[in-house]
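Asks: structure for this input, please:
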Amino acid sequence: MQPLPNSSFRTVPTEKRKGVAGAAIIHIAVLAVLLIFGFSAPPPPETEEGILVNFGTDETGMGLIEPSQPAVQEETSPPPPAQSSTISDEKPLLTQNTEEAPAVKKVDPEAEKRRLEKLEADKIKKAELEAERIRKEQEEAERKKIEAEKKRQADIENRTKNALANSKNAGTTSTSEGVAGGQGNQGVPTGSVDSQNRGEGSGLGDKGISYDLGGRKTLKLPRPQGDYTEEGIVIMEVSVDRSGKVTQAVFRQKGSTTLDEFLLSIAKKAALETVFEQNLKAPLVQKGTIKYTFVLK
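Replies: Modelled structure (predicted):
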């Protein structure tokens, strides 16, 4: 048998051998780079970074020094009690297995009483202030109403006086009037032109005062005091307690025929001084009226 003239490697073309050799060289170079740089561990940092945490035993604490562990003390159990050979005749004590009720805060009865009295006094004072405010508002409204009515009545009287004066003097040349003789217009400036009473004076008629209080009679019925030059009827609505004292007097326009402030003031004063008979069965506040009829003498 004759040997082959060339090996199988030599039979590979020259370009193919170059390609295989180049690929082998590249793989060897890549492997060397990986062994040098890729598989080497990075050097450890010089100092480790992190947060220092102090693990304690409670959620709260105070101080800058860690406390030392308390010394462990061995628990010593008390010696068992000596059994008594004698039998006691006393009954065993009963024990309570239920939980104790929570302690109730004690309230000072005197302090609580003073607090309640203060609240009641404040409530009464507030009610009195409110009643006083309402009373003042009512009086102010009544005063304005009286002033308006008085002005209206004065306007009507002035127009009536002017009309009567013009009608009486129509076609005449008289410059005097009266019964005393002489020149002049007898009477007072505030009098009525239709009145034949030309003198000054004041007073009440024999039936100048009347009242109505559910049948209760009067013990004291004073007359209004003062000199006045106006006539008219003034009705005062009064409030009377059980003892007969008049506690309040308010002018009532219904039934009254005058709004003269002077007549109203003296009538109110006389009404407040009136005393009725006592009646313990009457209401606490009984309403009634007193009528004053003012006439010129």
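Asks: list the buried residues for stretch 247-267?
Replies: 248, 249, 251, 252, 256, 258, 259, 260, 263, 264, 266, 267 (16 or more other CB atoms under 10 Å). For every residue, glycine as well, the C-beta is placed using N, CA and C.
Asks: which stretches of the stretch 1-150 of the chain have low pLDDT?
Replies: Along the stretch 1-150 of the chain, the model assigns pLDDT under 70 to residues 1-13, 38-57, 64, 66-105.
Asks: can you check the stretch 151-297 of the chain too?
Replies: Low-confidence segments of the stretch 151-297 of the chain, defined by pLDDT under 70: 160-207, 297.
Asks: by contact count, what packs against the helix or strand harbouring residue 131?
Replies: Secondary structure assignment for residue 131, by DSSP states H and E: helix 109-169. Applying 3 or more CB pairs under 8 Å, 6 or more residues apart in numbering; DSSP states H and E, we find helix 109-169 packed against strand 246-252, helix 261-272.
Asks: tell me which of these sits nearest to residue 288.
Replies: Shortest distance between residue 288 and these, using CB to CB, is found for strand 246-252: 9.0 Å.
Asks: sheet-wise, list the partners of the closest one with their directions.
Replies: Next to strand 246-252 in the sheet, as set by DSSP bridges, lie strand 232-240 (antiparallel).
Asks: other residues contacting the strand it pairs with?
Replies: 213, 216, 246-252, 254-258, 260, 263-264, 267-268, 271, 274, 276, 282, 285-294 (CB atoms under 8 Å, 6 or more residues apart in numbering).
Asks: how many residues are close by residue 146?
Replies: Using other CB atoms under 10 Å, residue 146 is surrounded by 17 other residues.
Asks: got phi/psi on the residue nearest to it when sequence neighbours are not counted?
Replies: Nearest non-adjacent residue to residue 146, counting by CB to CB, 6 or more residues apart in numbering: residue 259, 5.2 Å away. Note on residue 259: its backbone torsions stand at phi -120, psi 20 [degrees, to the nearest 10].
Asks: would you confirm that residue 259 contacts residue 154?
Replies: No. The criterion here is CB atoms under 8 Å, and residue 259 misses it with residue 154 at 9.0 Å.
Asks: shared neighbours of those two, anything?
Replies: Residues touching both residue 259 and residue 154 (CB under 8 Å, 6+ apart): there are none.
Asks: gap between residue 159 and residue 259?
Replies: Distance of residue 159 to residue 259, computed by CB to CB, to the nearest Å: 17 Å.
Asks: I'd guess residue 209 is in a strand, am I close?
Replies: Yes. Assessed by DSSP: H, G, I helix; E, B strand; the rest coil, residue 209 belongs to a strand.
Asks: does residue 286 touch residue 212 like I think?
Replies: No. When contacts are counted by CB under 8 Å, residue 286 is not listed as touching residue 212 (11.0 Å).
Asks: what about those two, which has more around it?
Replies: The residue with more neighbours, out of residue 286 and residue 212, is residue 286; 17 against 12, by other CB under 10 Å.
Asks: what's the distance between the more buried one and residue 250?
Replies: 14 Å.
Asks: so what's residue 249 up against?
Replies: By CB under 8 Å, 6+ apart, the residues touching residue 249 are 236, 237, 238, 239, 268, 271, 272, 290.
Asks: which one of these has the most neighbours?
Replies: Highest neighbour count within the contacts of residue 249: residue 271, with 27 neighbours (other CB under 10 Å).
Asks: surely that one touches residue 246?
Replies: Yes. Between residue 271 and residue 246 there is a contact under CB under 8 Å: 6.1 Å.
Asks: and residue 266, how far is that from residue 223?
Replies: 9 Å.
Asks: domains in this structure, by residue range?
Replies: Per the record, the chain has its domains at 111-166, 201-297, by automatic domain parsing.
Asks: right, so of these, which gets closest to residue 29?
Replies: Closest to residue 29 of those, according to CB to CB: domain 111-166, at 101.2 Å.
Asks: pretty sure residue 230 contacts residue 258?
Replies: Yes. Using CB under 8 Å, residue 230 makes contact with residue 258 at a distance of 6.2 Å.
Asks: I'm done for today, thanks for sticking with me.
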